[in-house]
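Participant: Just need the structure, nothing else, for what follows:
(2 chains)
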Number of protein chains: 2
Amino acid sequence: MSRIIALDTYDVRFPTSRERDGSDAMNPDPDYSAAYVVMRTDHSSLSGYGLAFTIGRGNDVQKAAIDALNHHVAGLDLDEVIDDLGGFARRLIGDSQLRWLGPEKGVMHMAIGAVVNAAWDLAARAAGKPLWRFIADMTPEQLVATIDFRYLSDALTPEEALTMLHAAAPGKSRRLQQLLAEGYPAYTTSPGWLGYSDEKMQHLAREAVAAGFRTIKLKVGMNVEDDVRRCRLARETVGPDIAIAVDANQRWDVPDAIAWLHHLSDVNLAWVEEPTSPDDILGHASIRRAVSPVPISTGEHTHNRVMFKQLFQAQAIDLVQIDAARVGGVNENLAILLMAAKYGVRVFPHAGGVGLCELVQHLAMADFIAISGKKDDRAIEFVDHLHEHFVDPVVIANGCYIAPNAPGFSAQMHTGSVEEFRYPDGQAWCEPAHTARAS
Amino acid sequence: MSRIIALDTYDVRFPTSRERDGSDAMNPDPDYSAAYVVMRTDHSSLSGYGLAFTIGRGNDVQKAAIDALNHHVAGLDLDEVIDDLGGFARRLIGDSQLRWLGPEKGVMHMAIGAVVNAAWDLAARAAGKPLWRFIADMTPEQLVATIDFRYLSDALTPEEALTMLHAAAPGKSRRLQQLLAEGYPAYTTSPGWLGYSDEKMQHLAREAVAAGFRTIKLKVGMNVEDDVRRCRLARETVGPDIAIAVDANQRWDVPDAIAWLHHLSDVNLAWVEEPTSPDDILGHASIRRAVSPVPISTGEHTHNRVMFKQLFQAQAIDLVQIDAARVGGVNENLAILLMAAKYGVRVFPHAGGVGLCELVQHLAMADFIAISGKKDDRAIEFVDHLHEHFVDPVVIANGCYIAPNAPGFSAQMHTGSVEEFRYPDGQAWCEPAHTARAS
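Facilitator: You can find the predicted model right below:
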């Protein structure tokens, strides 16, 4: 019998602001960071890995929130955790004293997500399967048992979820073969950061198309003339057959979004992402009605299943960005994927950052095989940053994510990377100028 | 010229779970706690005080989040902060790296609220006025300048706010006299904690009525038969003229709330508080429609002005509970009070906990004088816990809050209380059994 011994946590920060990678209208100088957690067991070769993604300052607060969960985890029997991943997540979310800090939102909820994801990683490793396959191989009953339906029953009941999963079951083995043969479509944001020059954007857009991507995304929202110029330039560069999406990163009020988007009406946008506050469900619905047929999306900052439920109920969005490390882990994302399937909303997972590509690919692939049955009308975001720090980095070929083979959730970082970029004492941060700026 | 030197922070916890004070359907054993902050200046007699209220575990995470704001505050010129409390709050909320941890929600946003409130405390102390008076004496232009209207302009513009405040101005001096003469109505939750026996509840309800309270509130949501029995007993005890409210503390899904409340239809409820997830705007609207005319309310866990905006827009609630320490400080609460006034929603401030009565009375009194002009159709919650730890505790007479006289926001705690209840090293926590349970 193996036991979980402890959560080891690390404040890992990459100085990405030095190159303005990741710059957008709300985030001019992010230092992509991870509050990284290792769920250590008494089995020397078996640990679970998870992370919360942040953009620099506050990563220590995020780490402290993960540490606050240690007492729920230390000493647990490993098999009991693996056999009841639903109960495991519910115990963390149900800690009444910690719940007050959200509830189910912000730092504390992201901490729960990191720990819950580490438990899924551990479970998939113990089963010798990549996580997408571990989920896809669950029976409908097993999958539904992992989900907390609290606050969802006016939109999705466990019985409805079971019916959906049973209906999808006959096609699973065919879709498994299809995924292995084709991969899962990706789109790329690499050309589109606001801090890049027009020339750099065009160069990277051409590279993206040459590499097989069918969709690119540009950041917008700082200056409307710049946005019009950059979008038109991008359209000239990639031609009419490549989809162009834009991402405003919450920059606008509702009336501003509507006015701004009228200026971009000739670019034929694939979608407009995060036009306003991620909390503004009714605002997204208003924007969507006003700029129809331009598709509206959000989700990377949507903090839990209750908010996603309302985005679907209010018909506020045309497509949805799930994020592997914002909500309370795999369990909550499965609830969100089931609701998206029920409401017919296409899923375009958010990625980039630190390890978000590595993580979220598993959720999209499991969704394709076991839940929605769809992949060719959707795509996973891809940003070519920081993958070298992961033991099982994503593999992209011809604009698609190739299904990972290695057991687990792909969140494990190289020990050397954790050491080098640990804040504030890692080598990457030891030059005084950098330490001063990030403190 | 004075400067702010630093934020001193303290993890203060009271072992309230030993007596089951504060127990409700979601929070069976809270240890009422405060992440307490002292904004220290180089002026020996002048500091600002603020706090984030939590219920035990995680108070250290909350403290760490306040510490993460220190670099925004240390070294600032005191007069510049006092003269531009809007700019001060916007700088904290606008830290793009920290914003990722919310945005504007959870641990990080409560930390901002504590620091912003400490700055208002400092400003009111410097002016020699209690905070309610400091706000009430602002010109409409000064008050509007403190508010961040981002994401609000589809519901409330600065121009509308100015018009409302100018319209309210002529009655201010009359209402000031009225407040000083009458106080502000209070209601009490002291009888209604779930952990109390029927006899204790009845006894405390009789005491409340004898003390002049016109409204009492009971916790519900654990067991429907118990709730029906307790509500009927309370009605028998207080008679038909005292209002009885109930608080479900987020216990129900939407269909459950509707079914449960039909069992309580003969009690003539003044309102039903937090029937479901605080995030579920559309859910509250559905419940309200289904149980009409029973009034529905929420707000103590509503995490920012964007959520309050939607509660008003969706006609989801009949009355609203603001909380002084959940959102981003006085500035954001002023925005919420202005929206409540515009949408005609009565304000019943949430209090209790640690210092929440002390704080929120100022907001309600300022609202009466300068914004809504109303107090007799509303009331501030009162719970008789832990006031002895505050230097300027609330004064209740004949069921009303008496307007405080002392300069500031009433958040300052006695140094001895901070020492005694500091976790984990204060004397109150040094018995091993208690330390073990709360860790």
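
Participant: Next, work out how far apart the closest residue to chain B within the stretch 101-250 of chain A and residue B:267 are.
Facilitator: Closest contact between the stretch 101-250 of chain A and chain B, by Cβ to the nearest Cβ, is at residue A:106 (1.7 Å). For every residue, glycine as well, the C-beta is placed using N, CA and C. Using Cβ to Cβ, to the nearest Å, one obtains 36 Å as the distance from residue A:106 to residue B:267.

Participant: ok, now residue A:79?
Facilitator: Distance of residue A:79 to residue B:267, computed by Cβ to Cβ: 49 Å.

Participant: With neighbour numbers in mind, choose between these two.
Facilitator: A side-by-side neighbour count of residue A:79 and residue B:267, using other Cβ atoms under 10 Å in any protein chain shown, places residue B:267 first with 19 against 13.

Participant: what's the nearest residue to that one if we skip its chain neighbours?
Facilitator: Using Cβ to Cβ, 6 or more residues apart in numbering or on different chains and skipping the chain neighbours, the partner closest in space to residue B:267 is residue B:231 (4.4 Å).

Participant: List the contacts of the residue of the stretch 101-250 of chain A closest to chain B.
Facilitator: Residue A:106 sits next to A:303, B:101-102, B:105-109, B:303 when contact means Cβ atoms under 8 Å, 6 or more residues apart in numbering or on different chains.

Participant: pLDDT score for it?
Facilitator: Reading off the confidence values, residue A:106 has pLDDT 98.

Participant: Same question for residue A:20.
Facilitator: For residue A:20, the model assigns a pLDDT of 68.

Participant: next one: residue A:375
Facilitator: At residue A:375, the pLDDT value in this model is 98.

Participant: got it, and residue A:27?
Facilitator: With respect to pLDDT, residue A:27 has a value of 78.

Participant: I figured it was touching residue B:94, is that so?
Facilitator: No - counting by Cβ atoms under 8 Å, residue A:27 does not reach residue B:94; the two are 11.1 Å apart.

Participant: Please say which of these two ends up with more neighbours.
Facilitator: Neighbours per residue (other Cβ under 10 Å) separate residue A:27 from residue B:94, with residue A:27 holding more: 20 against 14.

Participant: Not including adjacent chain positions, what is the nearest residue to that one?
Facilitator: Leaving out its chain neighbours, the residue that sits closest to residue A:27 by Cβ to Cβ, 6+ apart is residue B:96, at 4.8 Å.

Participant: For that neighbour, which residues are in contact?
Facilitator: Neighbours of residue B:96 in contact, by Cβ under 8 Å, 6+ apart: A:26-30, A:55.

Participant: Show me which of those residues are buried.
Facilitator: With burial judged by 16 or more other Cβ atoms under 10 Å in any protein chain shown, the buried subset of the contacts of residue B:96 is A:26-27, A:29-30, A:55.

Participant: Would you reformat these as a markdown table and include distance to residue A:123 and secondary structure?
Facilitator: Output for the buried ones among the contacts of residue B:96, formatted as a markdown table (distance: Cβ to Cβ, whole Å; DSSP: H, G, I helix; E, B strand; the rest coil):
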| residue | distance to residue A:123 | secondary structure |
| --- | --- | --- |
| A:26 | 36 | coil |
| A:27 | 34 | coil |
| A:29 | 38 | coil |
| A:30 | 32 | coil |
| A:55 | 29 | coil |
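
Participant: Report the two of these separated the most.
Facilitator: A:26 and A:29 (11.1 Å; Cβ to Cβ).

Participant: which bits of the stretch 251-400 of chain A sit near chain B?
Facilitator: Of all the residues in the stretch 251-400 of chain A, those in contact range of chain B (Cβ under 8 Å from any Cβ of the partner chain) are A:253-256, A:276-283, A:286, A:301, A:303-304, A:306-307, A:309-310, A:313-314.

Participant: Over to the stretch 51-200 of chain A?
Facilitator: If contacts are counted using Cβ under 8 Å from any Cβ, the residues of the stretch 51-200 of chain A sitting beside chain B are A:54-58, A:60-62, A:64-65, A:68, A:71, A:95-110, A:150-154.
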